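Colleague: after the sequence you'll find the predicted model.
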Amino acid sequence: MSSADESDRQAFQRTLVTAALPYANGDIHLGHLAGAYLPADLYVRYLRLRGKEVLFICGTDEYGVAITMKAEQLQIAPQELVDRNYQSIAESFAGFGISFDNFSQTSRPIHAETSSAFFLDLHRRGKLRQKTVEQYYSPSLGRFLADRYIEGTCPQCSAENARGDQCESCGTSLSPEELINPRSVLDNSPLEMRETTHWFLPLDEWQPALEKWQAGHPNWKENVLNYCRGWFADGLSPRAATRDLHWGVKVPLPDHEGKVFYVWFDAPIGYISSTREWAAEQGEPEAWRTWWQDQGTRLIHFIGKDNIVFHAIMFPGMLMHHSEDYILPDNVPANEFLNLEGKKLSTSRGYAVWLPDYLEKFSPDTLRFTLSRTLPETRDTDFTWKGLQARNNNELGNNFGNLINRIFTFAHKYFEGRVPDWTDADLTDLDRATLDEVAGCMERYAVRMEKFEMRAAMDEAFLAGQAGNRYFDESAPFRSRKTDMARCGVSIAVALQIVRQIAVMLSPITPFAMAKVWTWLGMETDLEHGGWEEGLRPLPAGRPLGKQEILFPRIEDETIQPEIDRLAKLVEDQT
Ligand SMILES: [Zn+2]
């Protein structure tokens, strides 16, 4: 890390981390986790481990046409649908160990209030543009219809049930005015074109300021900068902030009956609403301002690549043009996509692994570790069940689990379950070299984490595990216990010290297992908040150790085969 990077970072007193708001029309799958939620959680847990001040904010994104259509299919109210999905999403995130400080919903009153005030601030100060456009209107329903509520004959293949956004028969993407004999999906009634007025964000006018601001962030990930360069080169277009729909935050202006915010306009404001909700729950309703308006706060948005335009261009533009002094994102670490068994995930075809299903059968730590080793940080990567099995059995089990188990077993058997006596004067060259090696892994792990290079950080934790195993074999306490019990004790104490440092590095990745190891080591401090410092200090001799258990049970072939078969069958059914 260069000294310039270091001094930049020192200038920040606290970090606000957001993860993309999941859309409340279904469950979370592995692609979501690898894209935004796991990297965000690793980073937040790392900062907490270092004792830094950090706030982790998220919530479900609950408005838009996809929600109303799904609710109509299920014949329930949209609110009931999103409340149900919110519950399920919040539960599976908790089961997976995603450690949000607040997880809100955009359908809550605090969000309507926050996003309305935001819109009105831009509107009053002349930052928005009004435009009249033509859209299909249903006289029988008395309202304008969104693209997906319109059906007609496909101009390409003449299929009769093409949708306003796409023809399912021939795959052509369409706009509603291309359809022949357009009609309403809801009641089959004919439609007519009518004029409607909407508010737009003038991104074309904002482009110079946005480009200038982004030029000050050359350290952003290459994939993010590349996408942005492309959009800037094409020239940004004005983007509608309102639309004709009933499900959404109502446009807070007179004569705007039946108009709501476009979901992409209000969703990022959801981060602010969720922070306000958190502050209110702390009993300090104004505390949210410290996180959004104090220059000592660093804002980081973790997202998947499909959300770059909203977080790197539109939302910063909105924040920039608000009258209050909002901070702008310091970084937008976006990941590419995760594939599944060599194929693209598809939620519409059910080709995905859903988090609630996974958690019914397998451990959260195993998936967190496996995904951490294969995060699509710079290009798309692939998840396979065989890969998960191998990571669990070979890396978690053999490299870490066995090492920890061997050392604790030894300490219980020959040292009455206590940390043996060890002083600095007793250390051999091998002892010192190994302790230095592991300390070096921790240092490099920290540098990688600071740069959002989670996979490279994992590599360092893995190397520390290998160093521990090598040390155990070479220092050979199983031999010295027969000839030199004091030497044997020092080897075990050094090995326990290495385990402690491994526990620190692994705690963001496999938090459930490492919390156990921390208590076995007799630690009274909180590993997750500030454990890094504690991990660097030598373990005190004589401290009683807890009884260990198997941390990472093996996954057998017959356990994962049904999962492999299920996905293979979905592929087969498609062809
Ligand atoms: Zn067609």
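Modeller: Structure received. Please read these numbers as outputs of a predicted model, since none were measured by experiment.
Colleague: what about the closest residue to the ion within the stretch 251-400 of the chain, how many neighbours?
Modeller: Across the stretch 251-400 of the chain, the shortest distance to the ion (CB to the ion) belongs to Ser348, at 17.3 Å. In short, each C-beta sits where N, CA and C put it, glycine included. Using other CB atoms under 10 Å, Ser348 is surrounded by 6 other residues.
Colleague: again with the one 10 residues further on
Modeller: Applying other CB under 10 Å, we find 22 residues neighbouring Tyr358.
Colleague: name the nearest residue to it, ignoring sequence neighbours.
Modeller: With sequence-adjacent residues excluded and distances taken as CB to CB, 6 or more residues apart in numbering, Tyr358 is closest to Leu367, at 6.2 Å.
Colleague: my guess is that neighbour meets Phe96, correct?
Modeller: Yes: the pair Leu367 / Phe96 is scored as a contact, 7.2 Å apart, by CB atoms under 8 Å.
Colleague: out of those two, which sits in the more crowded spot?
Modeller: Remark: of Leu367 and Phe96, Leu367 carries more neighbours, 25 against 22, as counted by other CB under 10 Å.
Colleague: before we move on, the earlier item: and the residue of the stretch 251-400 of the chain closest to the ion, what does it touch?
Modeller: For Ser348, the contact set (CB atoms under 8 Å, 6 or more residues apart in numbering) is empty.
Colleague: how near is it to Met514?
Modeller: Noted for Ser348: a distance of 38 Å to Met514, by CB to CB, to the nearest Å.
Colleague: now swap in Leu186 and tell me
Modeller: The gap separating Leu186 from Met514 is 53 Å, by CB to CB.
Colleague: comparing those two, which residue is more hemmed in?
Modeller: Ranked by neighbour count (other CB under 10 Å), Leu186 and Met514 place Met514 first, with 24 against 16.
Colleague: okay, helices next: where are they in the stretch 251-400 of the chain?
Modeller: Ranges of helices in the stretch 251-400 of the chain, per DSSP state H, counting those that start in this stretch, are 263-281, 288-293, 308-309, 315-321, 355-361, 364-373, 385-390.
Colleague: near the ion, which residues of this structure?
Modeller: Cys154, Gln156, Cys157, Ala159, Cys167, Ser169, Cys170 (CB under 5 Å from the ion).
Colleague: okay if I get those as CSV plus secondary structure, neighbour count and pLDDT?
Modeller: Shown next, in CSV, are the residues of the chain next to the ion (DSSP: H, G, I helix; E, B strand; the rest coil; neighbours: other CB atoms under 10 Å; pLDDT from 0 to 100):
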residue, secondary structure, neighbour count, pLDDT
Cys154, coil, 21, 94
Gln156, coil, 14, 92
Cys157, coil, 12, 94
Ala159, coil, 14, 92
Cys167, coil, 22, 90
Ser169, coil, 14, 88
Cys170, coil, 13, 90
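Colleague: tell me the one of these nearest Trp220?
Modeller: Cys167 (38.0 Å; CB to CB).
Colleague: name the nearest residue to the closest one, ignoring sequence neighbours.
Modeller: Among residues not flanking Cys167 along the chain, Cys154 sits closest, at 4.2 Å (CB to CB, 6+ apart).
Colleague: for that neighbour, give its distance to Asp147.
Modeller: Cys154 is 14 Å from Asp147, by CB to CB.
Colleague: same check, this time on Phe462
Modeller: Taking CB to CB, one finds Phe462 at 48 Å from Asp147.
Colleague: which one's more surrounded, these two?
Modeller: Each of Phe462 and Asp147 has its neighbours counted (other CB under 10 Å); Phe462 has more, 19 against 16.
Colleague: tally of neighbours for the residue of the stretch 1-150 of the chain found nearest the ion?
Modeller: Residue nearest to the ion within the stretch 1-150 of the chain (CB to the ion): Ile150, separated by 14.4 Å. For Ile150, the neighbour count with other CB under 10 Å is 25.
Colleague: now do Glu443
Modeller: Glu443 has 12 neighbours, counted by other CB under 10 Å.
Colleague: what about it, which helix or strand?
Modeller: Taking DSSP states H and E as the criterion, Glu443 maps to helix 429-450.
Colleague: contacting residues around that helix?
Modeller: 1, 5, 9, 42-43, 46, 50, 427, 454, 456-457, 460-461, 463-464, 467-468, 470-471, 474-475, 490-491, 494, 497-498, 501-502, 504-505, 535-536.
Colleague: redo that, cut-off 6 Å
Modeller: Helix 429-450 is contacted from outside by 1, 46, 456-457, 460, 463-464, 467, 471, 475, 494, 498, 501, 505, using CB atoms under 6 Å, 6 or more residues apart in numbering.
Colleague: output the residues you listed as TSV; include the columns neighbour count.
Modeller: Compiled in TSV, those are given as follows (neighbours: other CB atoms under 10 Å):
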residue	neighbour count
Met1	12
Tyr46	23
Ala456	15
Ala457	26
Glu460	21
Leu463	18
Ala464	28
Ala467	22
Tyr471	24
Ser475	21
Val494	29
Ile498	26
Gln501	22
Met505	27
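Colleague: one step back: now the residue nearest to Tyr358: how far from Ile404?
Modeller: 20 Å.
Colleague: I'd assumed Leu55 was in contact with Asp101.
Modeller: Yes: using CB atoms under 6 Å, Asp101 is in contact with Leu55, at 5.2 Å.
Colleague: lowest-scoring secondary structure element of this protein by mean pLDDT?
Modeller: helix 3-10 (a mean of 45; mean pLDDT, DSSP states H and E).
Colleague: hey, where'd the strands end up in the stretch 51-200 of the chain?
Modeller: If DSSP state E, counting those that start in this stretch is used as the criterion, the strands of the stretch 51-200 of the chain fall at 53-60, 102-105, 129-138, 143-144, 150-153, 162-163, 180-184, 192-201.
Colleague: quickly run through the sheet partners of the second one, with directions.
Modeller: Right, strand 102-105. The strands that strand 102-105 pairs with in its sheet are strand 53-60 (parallel) (by DSSP bridges).
Colleague: now swap in the third one and tell me
Modeller: Looking at strand 129-138 with DSSP bridges, its paired strands and their directions are strand 143-144 (antiparallel), strand 192-201 (antiparallel).
Colleague: least confident of these, on average?
Modeller: Mean pLDDT per stretch puts strand 143-144 lowest among those, at a mean of 90.
Colleague: quick one: contacts of that strand?
Modeller: Counting by CB under 6 Å, 6+ apart, residues outside strand 143-144 touching it are Gln135, Tyr137, Thr196, Asp244, Gly258.
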